[in-house]
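Student: Pasting the sequence and the predicted model now:
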Amino acid sequence: MAANKSNKLAFLSMPAPASYVAGLGRGASGFTTRSDIGPAREGPSAEVVAEAQAKRGEEPDIDPEQFQDPDNEYGLFAGTTYEQDDEEADRIYESVDQNMDGRRRVRREAREDTELAKHRAERPKIQQQFADLKRGLSVVTDEEWESIPEVGNLTRKKRRKDERTFVVPDSVIVGDRGKTEYENSLDTRQQAAGFETPADSGTLTNFVEIGQARDKILSLKLDQISGTSTTSGSATSVDPKGYLTSLNSVVLKTEAEIGDIKRARMLFDSLVKSNPKHSPGWIAAACLEEHAGRMVAARKLIKAGCEQCPKSEDVWLEAARLHNNDDAKVILANAVQHVGQSVKIWLAAADLEQDVKSKKRVLRKALEHIPNSVRLWKETVNLETSATDARILLSRAVEVIPLSVELWLALARLETPDRAKAVLNKARKSVPTSHEIWIAAGRLLEQEATNDSDKSTEQRNKELDVVDKTIEAGVRELRRHQVLLTREQWLKEAEKCEGEGSPRTCEAIVKATIGMEIEEEDRLDTWITDAESAEARGVIGTARAILAYALKVFPDKRNLWRKAADLEKAHGSRESLDAILSQAVQYCPQAEVLWLMSAKEKWLAGDVPAAREVLERAFVANPESEQIWLAAVKLEAENGELGVARELLVRARTVADTERIWMKSAVFERQQGQFSTALETLSAALSKFPKFSKLYMIQGQIHQSQKNYPAARASFAAGLKACPKEVTLWVLASRLEEEDGKSIKARALLERGRLVNPSNETLWAEAVGVEERSGGAAQAKAMLARGLQECPSSGILWSMSIWSEPRPTRKSRSVDALKKSKDNPLITCTVARLFWAERKIEKARQWFARSVATEQDKDLGDNWGWWLRFERQHGTPEYVEEVIRQCVAAEPHHSPAWQSIAKDDGNVGKSTKEVLELVAEKLQ
């Protein structure tokens, strides 16, 4: 058993296999020694090397063989041996390729020849294109060859010049150096024998004779051109003046324009060839040639267009335009054979005729072809000088075209009134949907009623009422036939009637249609807006009719009556205004303004008894009305009835008993010189109305006029205590102290006033005035600066600031003032005065007009005074009268100078015009 047992360690005595490496199976490969295969360890792997290079920031080495094509046998099998089998295989493959190429060669070469021939046919070579011309050169003579022009540069590109440089020879340099030298001695040969050639041998040039010959030749040429040659015996047809004129008329075209014309010509040529039936293309091509100055080409093109598009009227009209008058007649005669129904062709043919008879003949021929053309009938009628002939033509026209409203209306205008009614009735039946016929009927009735002056007023009014009924019936009929015009359209028709002199028809249209398409609650506002817009457009009759209808619907609206009265006052007569006001006070007896307007208009008309009657009726309707009482007092006082006025004031104090009546009573007594009575009245009034500031003012002014300064000071002090917010009291108290010679106390009063009434421009302006009157210019300027800081938009302070500046800086200061004060009228007037000082008359006049532009600005009387003063100095009498007229219409009441003059006891009863003249004289 021991002998049969294998020895497990027998391998130790056996030789190792050829490829055996000890420890390789368990990963131990360090047993190979250096003596066997070199180093004992392998180098780092490719991954380790790449990682180390990445850490150092180096790029990895790329193996050029890693992207080798696997099909490349030379690279793939580069290390193998090329054997005999490989050579035989290559020989076999090469023979196969040759056989395959031999099979396809015939078809391939045939296909290549076909493609080459097609390409040469589409794009022949330059030499092939000019082959026939080359052959033609064989017959060209020498003279023809020499006459061929040189080829120019047509590429529009600047060619670079051949700027070659050469070395300058020494002889040139030496010659230039000798140019500036002077010889001060003769040559030895000249000293020996003199000149070789004598001076009188004829070789010297005579420049005088050359100049004379040149002038003679030039004069001959000029004579030939002007046609006045006397030497040649011939004259030219050139007119020098006409030639210059024709040169001026030549239109020079730039290269860009010529290029554009050529491109457009190519486009239009392609257009008319591709679509010869397109008439606008022919017209455009002809217009292009006309623009280019080639009239012959244009006429040829339009002729071809007429042949290609014989049914297009535009082509025929363009052809007629491009030819002269006689040729155009022939062209249009041919046109009517192709487009005989074209109205434009016939009208153009009529326009070509010179005399009226020929025009009539053409138009009547046209009516035979187109009898239903309204335009042709109208042109034919317009040529008739006889009304009878025109009436006959229109009668025929309405038979042929019964639906033409224009022809019916034209016929009605030519007929007598009776026959015109019949014509309009026929027209109404033929065209029941036309509103123009109904309006024309209304105008006809109005014309009949107003033309006959022998008719009584009652009969005329009765006939005018028929106008209203006719328009109402017309509106109903139009609604029945589903013709619905809007309110705006009807109002435009009414305005049109007013403009054509038919005010009653305008009023009838407004009555019949003004209430359409409006909600009941919006009627009043809408009608007022319509009236205002109509007045703004200048159609006063329409505005009057709208307000009249509105007053019928709303007879108790005071503002509506006031608007109607203002409209009549601005645009109507005195009688119409009186009629409106008489109706107004009947419907609105409690409206005091209407009573006062009525009384004032009668008073201004000179009818004082009628004014008294109106005021008496006003007393009955408004027994406690303060305004009516005061109006009655003013009426009596200005008409010299002072006793009656005093009695009315006593009665008014008893019945109305208002503070204003008491104040007017005191003012009345002061104006009559009854100062004691006035003071008693004021004392009684102050006991009843202690908070009414004007009573204190009047009381203090009376004491001041009597030089009773302590009493005046006491009155103002009491007023300031009772009414500390009344700025005028502070100003009057300050002026009292200034008049008494106590400027320091005046400053203190104004300082107290500014504390009680901060940011008040009037107090600041008065403080500046105190400083100026005291002689302190620096203090006044400082005070003005403080005032502008507190009141940055004050007009009066900015005006004072502008005038306090030196003359060069006033303009810039005025610009700042306009920006800050937002076109304050005081600033505007100041700017006008600046232009006045610079003698810029028109600008000054414009700025004066701007200073009284709005209703609020018109109340400032000083601006009117400055404007009148300016016009008196630089304007015409017409300008002066216009300023006075506008001021009287505006009736200003405020501004310092205006109030001081208007309220002066010596100017009581003076008119606005008189006060304006006094203000203009006072201002400086």
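Tutor: Nice, I can see it.
Student: helices and strands around the helix of greatest length in the chain, which ones?
Tutor: Of all segments of type helix in the chain, defined using DSSP state H, the longest is helix 84-122. Helix 84-122 makes packing contacts with no helix or strand when contacts are defined by 3 or more CB pairs under 8 Å, 6 or more residues apart in numbering; DSSP states H and E. For the C-beta atoms, the positions are set from N, CA and C on the backbone; glycine is no exception.
Student: for the record, mean pLDDT for that helix?
Tutor: Throughout helix 84-122, pLDDT has a mean value of 84.
Student: What of stretch 283-296?
Tutor: Here the average pLDDT along stretch 283-296 is 86.
Student: Next, the buried residues of that stretch.
Tutor: The neighbour-count check on stretch 283-296 (16 or more other CB atoms under 10 Å) flags 283-290, 292, 294 as buried.
Student: and the nearest residue to A832 once chain neighbours are set aside, what does it touch?
Tutor: Nearest non-adjacent residue to A832, counting by CB to CB, 6 or more residues apart in numbering: W847, 3.5 Å away. Residues in contact with W847 (CB atoms under 8 Å, 6 or more residues apart in numbering) are 828-829, 831-832, 835.
Student: And the helix or strand hosting G865, what's buried?
Tutor: Applying DSSP states H and E as the criterion places G865 in helix 861-874. Buried residues in helix 861-874, counting neighbours by 16+ other CB under 10 Å, are found at 861-871.
Student: Stretch 651-669 now?
Tutor: In stretch 651-669, counting by 16+ other CB under 10 Å, buried: 652-653, 656, 658-669.
Student: before we move on, the earlier item: tabulate the contacts of W847 (a markdown table), appending distance to R364.
Tutor: Listed next are these as a markdown table, based on distance: CB to CB, whole Å:
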| residue | distance to R364 |
| --- | --- |
| T828 | 68 |
| C829 | 70 |
| V831 | 69 |
| A832 | 67 |
| F835 | 67 |
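Student: Provide the count of other residues in contact range of I437.
Tutor: The number of residues packed near I437 is 24, by other CB atoms under 10 Å.
Student: about what we covered before: could you export the helix holding G865 as CSV, CA atoms only?
Tutor: What follows is helix 861-874, C-alpha atoms only, in CSV (Å, rounded to 0.1, in the frame of the first residue of the first chain):
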residue,chain,number,x,y,z
GLY,A,861,-59.1,146.4,-14.8
ASP,A,862,-55.4,147.3,-14.6
ASN,A,863,-54.5,144.9,-17.5
TRP,A,864,-57.1,146.7,-19.7
GLY,A,865,-55.6,150.0,-18.7
TRP,A,866,-52.1,149.0,-19.7
TRP,A,867,-53.3,147.6,-23.0
LEU,A,868,-55.2,150.9,-23.8
ARG,A,869,-52.1,152.9,-22.9
PHE,A,870,-50.0,150.8,-25.2
GLU,A,871,-52.5,151.0,-28.1
ARG,A,872,-52.7,154.8,-27.7
GLN,A,873,-49.0,155.0,-28.1
HIS,A,874,-48.3,152.4,-30.8
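Student: Centroid-nearest residue for this protein?
Tutor: R537 (20.7 Å; CA atoms, centre = their mean).
Student: distance of it from A714?
Tutor: Per CB to CB, to the nearest Å, R537 is found 60 Å from A714.
Student: what's the helix holding G865 in contact with?
Tutor: 825-826, 829, 832-833, 836, 841, 844-845, 848-849, 851-852, 857, 879-880, 883-884, 886-887, 890, 892-899, 902, 915-917, 919-920, 922-923.
Student: Quick one: buried ones out of the residues you listed?
Tutor: 825-826, 829, 832-833, 836, 844-845, 848, 851-852, 857, 879, 883-884, 887, 890, 892, 895, 897-899, 902, 915-917, 919-920.
Student: Which of the residues you listed fall within helices?
Tutor: Going by DSSP H, the helices hold 825-826, 829, 832-833, 836, 844-845, 848, 851, 879, 883-884, 887, 890, 897-899, 902, 915-917, 919-920 from the buried ones among the contacts of helix 861-874.
Student: where does the chain have low pLDDT?
Tutor: Along the chain, the parts satisfying pLDDT under 70 run over 1-8, 19, 21-44, 57-80, 151-168, 170-207, 218, 221-256, 453-454.
Student: domains in it, as residue ranges please.
Tutor: 254-400, 432-449+456-554, 724-811, 823-923 (the TED database).
Student: how long is the shortest one from one end to the other?
Tutor: To tie it back to what came earlier, the one meant is domain 724-811. Distance across domain 724-811, first residue to last, is 38 Å (CA to CA, to the nearest Å).
Student: same check, this time on the last one
Tutor: Its first and final residues considered, domain 823-923 spans 22 Å by CA to CA.
Student: and if you look at stretch 499-517?
Tutor: OK, stretch 499-517 end separation, CA to CA: 25 Å.
Student: now do stretch 547-566
Tutor: Span of stretch 547-566 from end to end, CA to CA: 11 Å.
Student: Repeat that for stretch 365-384.
Tutor: Using CA to CA, the two ends of stretch 365-384 sit 16 Å apart.
Student: which other residues reach that stretch?
Tutor: 336, 340-341, 343, 346-347, 349-350, 356, 359-360, 363-364, 390, 393-394, 397, 400-401, 404, 406-407, 410.
Student: ditto for stretch 661-674
Tutor: Contacts of stretch 661-674 (CB under 8 Å, 6+ apart): 626, 629-630, 633, 637, 642, 645-646, 649-650, 652-653, 675, 677-678, 681-682, 684-685, 688-689, 692, 694-695, 698-699, 702, 905, 908.
Student: do the same with stretch 321-335
Tutor: 286, 290, 295, 298-299, 302, 306, 313, 316, 319-320, 342, 345, 348-349, 352.
Student: Give me the distance between V614 and L642.
Tutor: For V614 relative to L642 (CB to CB), the value is 21 Å.
Student: the more surrounded of these two?
Tutor: A direct count of neighbours by other CB under 10 Å for V614 and L642 places V614 higher, at 27 against 13.
Student: How about the contacts made by the more buried one?
Tutor: So V614 contacts 585, 595, 598-599, 602 (CB under 8 Å, 6+ apart).
Student: Now with 7 Å, please.
Tutor: Applying CB atoms under 7 Å, 6 or more residues apart in numbering to V614 gives the contacts 595, 598-599, 602.
Student: and D556, that one's in a strand?
Tutor: No. If the criterion is DSSP: H, G, I helix; E, B strand; the rest coil, then D556 is coil and not within a strand.
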